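1. Based on what follows, work out the 3D shape:
(chains A, B, C and D)
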4 protein chains.
Amino acid sequence: MDPEANVASDVKARIAELVRAIEPRLTADRRDFHKHAETGWTEFRTASIIAERLTGLGYDVRMGREVCSAAERMGLPSDDVLEARWVRAAAEGADPAALDRMRGGFTGVVGEWRASDGPIVALRFDIDALPLFESSLETHRPAAEGFASIHPEACHACGHDGHAAVGLAIAAILQSIRSDLRGTVRLIFQPAEEGVRGARSMVAGGVLDDVDVLFGHHVVTGCAVGEIFPGMGGYAATRKFDVAFHGAPAHAGGSPEGGHNALLAAATATLHLHALPRHRDGFTRINVGQLSGGSGRNIIPARAHLVAEVRGETTELCETMHDRAMNVIAAAADMYGCTTTVRAMGAAGTADSDPELADRVRAIAAQELNASCFDLHKMGGSEDFTEMMLRVQARGGLATNIGIGADLHGVRFEDARDERILLAHTDIYDFDERALAFAAHLLVLAVHHVTIP
Amino acid sequence: MDPEANVASDVKARIAELVRAIEPRLTADRRDFHKHAETGWTEFRTASIIAERLTGLGYDVRMGREVCSAAERMGLPSDDVLEARWVRAAAEGADPAALDRMRGGFTGVVGEWRASDGPIVALRFDIDALPLFESSLETHRPAAEGFASIHPEACHACGHDGHAAVGLAIAAILQSIRSDLRGTVRLIFQPAEEGVRGARSMVAGGVLDDVDVLFGHHVVTGCAVGEIFPGMGGYAATRKFDVAFHGAPAHAGGSPEGGHNALLAAATATLHLHALPRHRDGFTRINVGQLSGGSGRNIIPARAHLVAEVRGETTELCETMHDRAMNVIAAAADMYGCTTTVRAMGAAGTADSDPELADRVRAIAAQELNASCFDLHKMGGSEDFTEMMLRVQARGGLATNIGIGADLHGVRFEDARDERILLAHTDIYDFDERALAFAAHLLVLAVHHVTIP
Amino acid sequence: MDPEANVASDVKARIAELVRAIEPRLTADRRDFHKHAETGWTEFRTASIIAERLTGLGYDVRMGREVCSAAERMGLPSDDVLEARWVRAAAEGADPAALDRMRGGFTGVVGEWRASDGPIVALRFDIDALPLFESSLETHRPAAEGFASIHPEACHACGHDGHAAVGLAIAAILQSIRSDLRGTVRLIFQPAEEGVRGARSMVAGGVLDDVDVLFGHHVVTGCAVGEIFPGMGGYAATRKFDVAFHGAPAHAGGSPEGGHNALLAAATATLHLHALPRHRDGFTRINVGQLSGGSGRNIIPARAHLVAEVRGETTELCETMHDRAMNVIAAAADMYGCTTTVRAMGAAGTADSDPELADRVRAIAAQELNASCFDLHKMGGSEDFTEMMLRVQARGGLATNIGIGADLHGVRFEDARDERILLAHTDIYDFDERALAFAAHLLVLAVHHVTIP
Amino acid sequence: MDPEANVASDVKARIAELVRAIEPRLTADRRDFHKHAETGWTEFRTASIIAERLTGLGYDVRMGREVCSAAERMGLPSDDVLEARWVRAAAEGADPAALDRMRGGFTGVVGEWRASDGPIVALRFDIDALPLFESSLETHRPAAEGFASIHPEACHACGHDGHAAVGLAIAAILQSIRSDLRGTVRLIFQPAEEGVRGARSMVAGGVLDDVDVLFGHHVVTGCAVGEIFPGMGGYAATRKFDVAFHGAPAHAGGSPEGGHNALLAAATATLHLHALPRHRDGFTRINVGQLSGGSGRNIIPARAHLVAEVRGETTELCETMHDRAMNVIAAAADMYGCTTTVRAMGAAGTADSDPELADRVRAIAAQELNASCFDLHKMGGSEDFTEMMLRVQARGGLATNIGIGADLHGVRFEDARDERILLAHTDIYDFDERALAFAAHLLVLAVHHVTIP
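-> This is a model prediction of the structure:
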């Protein structure tokens, strides 16, 4: 069965026209979000704009505690930081009513629109920025063209500004072709993807519970606009955690035997975490990214803090690493008479795109948009969209994540693994904005395809 | 020979009168210094007041680079901090001419006054505060009476405010009894005693090179006013140092084999520093007081910083520990392909008070001031006055350090070792100000005793 | 081209007859070698029997230093052990002339036989036993039937007794069909495969330098007789090494600061070897299998000895691990003022069977012997036949390693990974001896196939 | 009161004569014990000779389980070793009746003799050898003169052969002057002093419970015959222990995540034991003297064994170190999922000689034997005679340990600390046998002195 046969050619022509028309707005939205970058759980301005816009388009909007489970939020900033960013968003003109609903770090938004009985199709857009100080180099386009982040603590260095803008563009286009659709469309704007902190909160909030088909997408530098990965998968499972070691101080010269040395406990844990063994069943990872402890030079350190993560080729491998890490940490603390507090800071399992759904996207992309399609099954990195995919797949739905080529420089993906790593999550990250219209176009076609009778 | 026979009774009476007269000023000076506490190498306001006052009293004043060797200053703050504190001192009204001579952290001052041929008698006063935020509790007298530090980064929690004030009182009294003295009197106001950072700079500056008799003193909580330790000694030798580990970053998930893990190198060094063996020849100490390293959770740490010290019952033991520490650090860095930069942050050898000189102080204290005298030969802690004592003793001079009872609460020293340790260097430290007049009285009598024909 | 077309049917019938005829001898040889098991580099009796038999069959025999490079032998026993085992072989009736040529641990034997110009076809048979004490359980057939090892230090627990017997059977059969062959046949009997210690010595001895086609084989428990793996590959590369740490002793109570603690150096190395990071390019392994050090309870240990190995999915990964291990060891020794001696104890790279040659074996096995053929590309373990394959492949020749099903119990390979691991290299290992005639049959057919015009 | 006044001059003359007469026997006994050296708990031949001789002299003899508590024996050899040495002693002619009472390692002997009511005076003699292979150098007198140990596992390298011989000489002399004595004399021959393993067993056996005055002695190389230390003290307290780590094996290549690595647990414990902090209250020591673990190169080690000791300037410091060591060991085992078995291998507290009793010995030695007396209060090493002293002192008795100069070469003790350490416990240890008669003479005089009315 030919997928294009499912789309009446006039609808396809109208969609193409709508995409062309919205492109300036798409770019403007992306640049506005970029300029006002907000890190995970503080996307107060970004989310309030999204909520306002969705409401204006006639979507039924849920947000805040309605869609984010408080208990499942991970890696939350301190109350002070949450409050300061909330106040800043207000000062920057965010809608007071929306702000009220998000106070304390509930920055997820869901817009929904029901055409008729039929499948529930959801799209997910992540909206948070990274904790970087953006480059002011002239060679960095956001700086040169005046839309670099004005927030010193945040920088959109992973394209989520684009994802949010694509979500708004899709919202508008779908509204315009409402009569050609069937079933329900749900647009999910997720906070705190960086550090894989936010997805579980929205899954626990119930917004995936009845979804039949789920699409995600991510701009990919390293391949050009017009190239796509219809079914990205192979994400590593990961657990992020912080550990506080609590000991007791003593004067190191006068009472060297005194106290409980939290720094030695943490240093011991660090070494032995890195010595956790490999696993025959697949790759695993462990990293202690930060360690800090101690106060004065002549004081036996009473406090130490460790920032770490584990990964695994499968969720099971990741959980094994996590269990063993917890054991090492507890034993290292015991060795020095210390106690610990472990705080979950992020988590995501592994998930694969459904080949059937990915193939449909592949066919649409190739036939309607003349795209070149590639496979990419070993991402190495992690992405908490997997948590949403797992929820949908668990009840029999289909899900896929689509990589959208967006490279500014035409570097081929396979030749540039390291370069890509350097590029993403750096203060000079940027992408080809034409990818946004391409993504919106592809996703609208995909939604239309899965919802038509 | 009876020491009191050396002092004409009228001179002694006059001294007593002068001490009584200056007591209000002494307390006021101490409280002024306390309120404007300045940490090591930033005592710009304190030193400029001292210089101004000594000049006014007719002393020949040397300061800045004249008395502090630039190369031997240890544990210097950053240039930014030095400049900021210098600007603050100006804003607080410090004498511009004096400030000019101290810019960049040259905060030693020496006042000298020559009566005749004869011995050169020097007294040393340390003037720096500790990097603490002073308590605002009502039970803390400086807070209750309005002279707590107004500088958030500094607090006089070890009595050096009192030492500086005693130095100024002695300067004034000695000037008044000038005709009864012989030889030369030199008053040395030393910066940065905390962390044993400043003495070597003034020794290298030459101000001890020709001294025949040297007195130091320190207020001692844990014993009451009227109790003294005429010849404190047994200070541990110490070396303080910071180590920067330089590695290379890598993405911990994507390239776990990449980079050079500076944090693992530093953690390894920390554990093995603490495993340095004991020594048959006496006690030794080692402490890593702080360790911090790493950047992002998923980045192999490229940088780590370690703050440490070693001590020894003798200078030789201390040096052995330092040598072995350096070896451990270098090997730990090698193990992880890292390099290190080690920075000396403080150093002091061991020295003992000359028993002969201490006995003279004991006799004066007992006979003239009715003091109770005790021995204290195992201080455990460190004090860089030893560097000055060693310089004087090396050329045949005599030196002693005098403990001055100053406890507010009457707790006996020998019963309260731990409590004293908790008290000193804490944000609620305070002492009995009557000890200041006592110290000034004793030191003036001692100077008179050693200078009269 | 059909492989069977290359073999005249009468020759095939004669081969089948010869195999049937030699089967009793094959079993007897295997049981004789099993009963007189000899570990690597001490196969004096085994090798002398092989040499005698090959000579008797008219083969040109080279052995000892002619075929084993002294310098490339790894993991050699001590001179005392070598001599004691040599003396024992003599006492057990080994040929004195052959023994003379092997003295000191040169236990490789090569038999060669040239029919005409044409390809040089080599077959390799490993002949050494494992350092185990064989089970005397009644349920263990070698014990029950009286051919368990009479040498307490050695046990054929990996089937090399069978490989050696297969080599002798092939030698006899090929001699009988000499007129039907072309080119040169070379039978290589290799010592010390366990621990991957012997192959490099024979490669350096030059016996692979002119080989066009190379076959190896290994009995495989876990699949039944009649099942084969025509082109086994994916062996992990490995480096085995021992490290001696040399320090200096001291009395731990009287001079705790004295000496150089070799045990702490070795323990430190052990921990940090296990902390060597994973690699993005594939799996790696590290193990410290043994550590021993120290003398008296109250003596600072002056000596320690560490037994370790690294592995890698590729030779490059293995070498990277080895380089990093050497760096860790050197740094750990430096940290404690020790020196080290590292001794290579075994090494093998990765190599894959040539698909073309494996396919020919597959066709012969399926068509002539009705075998079931399987693929097995991830062996996990190591095998130093790879060193010989690499040498042959490097000059353009073809090589393959053939797994020969030999399970006694019919357990399927894929279901029984763990069980196989437990079974191999244990004191109750045994295999189905019918596999030996099968292997001889298959290999003779393969040799005939590749040598006929 | 002058001590010599207590000894009638004729008795003193008779004692001197008896000592002269017994000297050849003393030397012969020492050399016989030396030649048949037996290590701790295996002194079957030595103890049976002692028992036989004491019985012959009319002493009431208790031995075996009568005087050694089974539960308090520490560092016992294996049952196999105990049995083999017991059989050997029988083969060497030891008295079967005595052997029966000692079977299983109960090698203490007590001879007692009651003259009248009065004080119970005890003397202790240790009788065990060290686990060394004695030197056969010509320059080593025992070898040159034919009395080197014929037992390869044992060597009297600490003079206990002499102590035992002195005990027998004293037994004979005291018997001869029986009518001049008062009270009860008890001669305690203690096994297993090396490793401080035996004293607690005899203390628990009750043989010190009613003692009023206790003498011990030890030959001291480093000072000459005629020089003594009347009240040696300052022994370090010590605890010796072995730790077995129990894990689980796994194939390191095939299942790197499997098993529980007992060697890593033991190596971790070793490093962190050495990192136990110093103590402000005095010196402490820790040493891991041996570590061994693991089996095959490619097997995750399932077993490891650690041999260690702690010491302290006081019993309390030693106990603190022991407690912390136990905590480190338990935590290191936990870290790797292992369990441990800790076995006490030796223990001794600190004790000081009673100055009053030492002074009496000093007076006797100086006046009667013209000895030079020295003080030695910091032994550094350990000696389980302290356990007996503590028992006697606890109930109000007096105890002293007497060092007896015995150097062959005239090296002064205070100049030769290191050399002495090297000399003792080495395979070339020897001493000046004239010290034995001196010791017997001094101790008989001391016993007479404390028992006369």
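2. Is it correct that A:M345 falls within a strand?
-> Yes: under DSSP: H, G, I helix; E, B strand; the rest coil, A:M345 sits within a strand.
3. List the contacts of it.
-> Residues in contact with A:M345 (CB atoms under 8 Å, 6 or more residues apart in numbering or on different chains) are A:M74, A:G75, A:G195, A:R197, A:K240, A:F241, A:D242, A:V307, B:R297. The C-beta positions use only the backbone N, C-alpha and C, and glycine is treated the same way.
4. Now, of the residues you listed, which are buried?
-> With burial judged by 16 or more other CB atoms under 10 Å in any protein chain shown, the buried subset of these is A:M74, A:G75, A:G195, A:R197, A:K240, A:F241, A:D242, A:V307, B:R297.
5. and the closest residue to A:V450 other than its chain neighbours, bridged to which residues?
-> The shortest distance from A:V450 to any non-neighbouring residue, by CB to CB, 6 or more residues apart in numbering or on different chains, is to A:V213 (5.0 Å). Beta bridges link A:V213 to A:V121, A:L398, judged by DSSP bridges.
6. related to what we said a few turns ago, quick one: which of the contacts of A:M345 is nearest chain D?
-> Nearest to chain D, judged by CB to the nearest CB, of those is A:F241 at 17.6 Å.
7. Helix or strand: which one has that closest one?
-> strand A:237-246 (DSSP states H and E).
8. Following element in sequence after that strand, please.
-> Assigned by DSSP H and E, the successor of strand A:237-246 is helix A:262-274.
9. tilt between that next one and helix C:262-274?
-> 60 degrees (axes from the mean of the first three to the mean of the last three CA atoms, to 10 degrees).
10. If you count contacts, what does helix A:262-274 end up packed against?
-> Here helix A:262-274 touches strand A:237-246, strand A:284-294, strand A:303-312, helix A:315-335, helix B:262-274, strand B:284-294, helix C:262-274, going by 3 or more CB pairs under 8 Å, 6 or more residues apart in numbering or on different chains; DSSP states H and E.
11. Now do the contacts for the residue nearest to A:V450.
-> A:P119, A:I120, A:V121, A:A122, A:L357, A:V392, A:G397, A:L398, A:A399, A:V450 are the contacts of A:V213 under CB under 8 Å, 6+ apart.
12. ditto for A:I177
-> A:I177 neighbours (CB under 8 Å, 6+ apart): A:V11, A:R14, A:I15, A:L18, A:V444, A:H448.
13. coming back round to it: mind checking which of the contacts of A:V213 are buried?
-> A:P119, A:I120, A:V121, A:A122, A:L357, A:V392, A:G397, A:L398, A:A399, A:V450.
14. Roughly how far does A:R114 sit from A:E66?
-> Applying CB to CB, to the nearest Å, the value for A:R114 to A:E66 is 17 Å.
15. no wait, A:A371
-> 37 Å.
16. ditto for A:L263
-> 44 Å.
17. The two: which has the busier surroundings?
-> Here A:L263 and A:E66 are set side by side on neighbour count (other CB atoms under 10 Å in any protein chain shown), and the busier one is A:L263, at 32 against 15.
18. show me the residues around the nearest residue in space to A:A71 that is not next to it in sequence that make contact.
-> Nearest non-adjacent residue to A:A71, counting by CB to CB, 6+ apart: A:A204, 7.3 Å away. Residues near A:A204 by CB under 8 Å, 6+ apart: A:S69, A:A71, A:E72.
19. Please report phi then psi for A:A204.
-> phi -60, psi -30 (degrees, to the nearest 10).
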